[in-house]
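Asker: Sequence unavailable; structure follows:
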């Protein structure tokens, strides 16, 4: 059965056609108000962006959603989770709050608290067992585990591995703690390259899980204690610990793991307490966790709202395919400018994303098919233009 995806384009010739007003209308037409009950504490999941990037959800559009939730008698908060690697720009909650403010997400601008969901270092989580396609457990951040409802407010863009960064990826990778992010991305824990290790012990002091010791002058990592995503490889002066990309899952396996994580998040809230908003503008070839922003590949498309994460992402992919490419963008470099050309299955051929090439094409349809198989939604949708 086809799911409803409500859509309105970015075109505007008068105030009533601004995206702010369109978000308000679509929110009600899609009956997202039924997700929220009076007195609920509602998580609004965004990506806060990166230090030197400028393509992410606009703060005024976040505020619009906050206002809608407050009008229903509920209490919203804006949330994201820490990134992989404690040494990265978004590696801890303090850095995340600073970047959020730098990018315009403050209580004053969005009219709601900004809460990083997975704790100070991103290591907090509530274990959930899952008989997934790849994953057997995930860790829900405590803040999200206690929320009454969830609204995913995703910026639609490309991604070198999943093809699309939309609703599914926003909740799958964005609504889990650091350990689960690592489980999604990596096929195994870090290991020490003994021929390079000089036994300096810097990694021992760094490890928050006390998983590293020095034995016979060489570092040793206890796989059972290792939290996988803390970034010991980044601080090793001898480059003796296997790097992130050395241990990355193959493309298809990564896509299946994304679907597994999304499944757990949706099932935690149940379909009646979760809704999805995709803002398809500034459609860059890369995700918002990149530390820069490239030119958009296609013109701004608009806003999509649905209760079905599979359908809304499938509709987003189709709208990008049917959009013309923008000159002097990655679309022109890759010769995928024409209307009707599937742009998201080729973006890892773009030079900055060459780290993903060895695993083949991105897998937007693998993610969607796996998510549908798990019961998250339908690949069939009706696009309802408002």
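Answerer: Good, I have the coordinates. Remember, predicted model here, so these are calculated numbers, not experimental data.
Asker: ok so residue 180 is a strand residue?
Answerer: No - going by DSSP: H, G, I helix; E, B strand; the rest coil, the assignment for residue 180 is helix, not a strand.
Asker: What score does it have for pLDDT?
Answerer: Among the per-residue scores, residue 180 shows a pLDDT of 97.
Asker: how close does the nearest residue to residue 337 once chain neighbours are set aside get to residue 280?
Answerer: Of all residues beyond its chain neighbours, the one nearest residue 337 is residue 325 (3.4 Å), with distances taken as C-beta to C-beta, 6 or more residues apart in numbering. Heads up, the C-betas are built off the backbone N, CA and C, glycines and all. Applying C-beta to C-beta, to the nearest Å, the value for residue 325 to residue 280 is 15 Å.
Asker: got it, and residue 42?
Answerer: Residue 42 is 23 Å from residue 280, by C-beta to C-beta.
Asker: Quick one: distance of the longest helix seen in the chain to the chain centre.
Answerer: The longest helix of the chain (DSSP state H) is helix 251-269. Relative to the chain's own centre, helix 251-269 is displaced by 11 Å; criterion: C-alpha atoms, centre = their mean, to the nearest Å.
Asker: Tell me which residue lies nearest the centroid of this structure.
Answerer: residue 170 (3.3 Å; C-alpha atoms, centre = their mean).
Asker: Pull out the buried positions in stretch 374-386.
Answerer: Neighbour-count burial for stretch 374-386, with 16 or more other C-beta atoms under 10 Å as criterion, is recorded at 374, 376, 377, 379, 381, 383, 384.
Asker: Surely the second one and residue 265 touch.
Answerer: No - the pair residue 376 and residue 265 does not pass the contact test of C-beta atoms under 8 Å, sitting 9.5 Å apart.
Asker: before we move on, could you check phi and psi at residue 93?
Answerer: phi -70, psi -30 (degrees, to the nearest 10).
Asker: My guess is it contacts residue 117. True?
Answerer: No - using C-beta under 8 Å, residue 93 makes no contact with residue 117, being 9.1 Å away.
Asker: the more surrounded of the two?
Answerer: Neighbour count, other C-beta atoms under 10 Å: between residue 93 and residue 117, residue 117 has more, with 28 against 19.
Asker: got the contact list for the more buried one?
Answerer: Residues near residue 117 by C-beta atoms under 8 Å, 6 or more residues apart in numbering: 43, 79, 80, 81, 141, 142, 143, 144, 175.
Asker: which residues of this structure fall in helices?
Answerer: In order along the chain, the chain carries the following helices (DSSP H): 19-29, 59-71, 93-102, 107-110, 142-146, 167-172, 178-185, 202-206, 232-235, 251-269, 309-321, 330-333, 364-373.
Asker: In the contacts of residue 117, find the pair that's most separated.
Answerer: Of all pairs drawn from the contacts of residue 117, the greatest distance, 14.5 Å, lies between 80 and 142 (C-beta to C-beta).
Asker: of these two, who's got more company?
Answerer: Set residue 80 next to residue 142 and count neighbours by other C-beta under 10 Å: residue 80 wins out with 28 against 15.
Asker: what sits opposite the more buried one in the beta ladder?
Answerer: residue 116 (DSSP bridges).
Asker: dump the residue contacts of it.
Answerer: Residue 80 makes contacts with 45, 46, 47, 48, 96, 100, 116, 117, 174, as judged by C-beta under 8 Å, 6+ apart.
Asker: Compute the distance between the second one and residue 96, please.
Answerer: When C-beta to C-beta is applied, the distance between residue 46 and residue 96 equals 11 Å.
Asker: quick one, which of those two is more surrounded?
Answerer: Comparing residue 46 with residue 96 by other C-beta under 10 Å, the one with more neighbours is residue 46, at 30 against 24.
Asker: I'd like to know how far that one sits from residue 138.
Answerer: Residue 46 is 20 Å from residue 138, by C-beta to C-beta.
Asker: Repeat that for residue 291.
Answerer: From residue 291 to residue 138 the distance is 27 Å (C-beta to C-beta).
Asker: and the contacts of residue 117 as a markdown table, adding pLDDT and distance to residue 321?
Answerer: As requested, the contacts of residue 117 are arranged in a markdown table below (pLDDT from 0 to 100; distance: C-beta to C-beta, whole Å):
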| residue | pLDDT | distance to residue 321 |
| --- | --- | --- |
| 43 | 98 | 31 |
| 79 | 98 | 31 |
| 80 | 98 | 29 |
| 81 | 98 | 30 |
| 141 | 97 | 34 |
| 142 | 96 | 39 |
| 143 | 97 | 36 |
| 144 | 97 | 32 |
| 175 | 98 | 27 |
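Asker: any weak-confidence spans in the protein?
Answerer: Low-confidence segments of the chain (pLDDT under 70): none present.
Asker: run the last query once more with 80
Answerer: Applying pLDDT under 80 to the chain flags residues 271, 354-363.
Asker: per the record, what domains does it have?
Answerer: Here the domain assignment for the chain is 3-184+251-385, 202-247, based on automatic domain parsing.
Asker: most tightly surrounded among those domains?
Answerer: domain 3-184+251-385 (a mean of 21; mean count of other C-beta atoms under 10 Å).
Asker: next one: that domain to chain centre, how far?
Answerer: Centroid separation for domain 3-184+251-385 versus its chain: 5 Å, with C-alpha atoms, centre = their mean.
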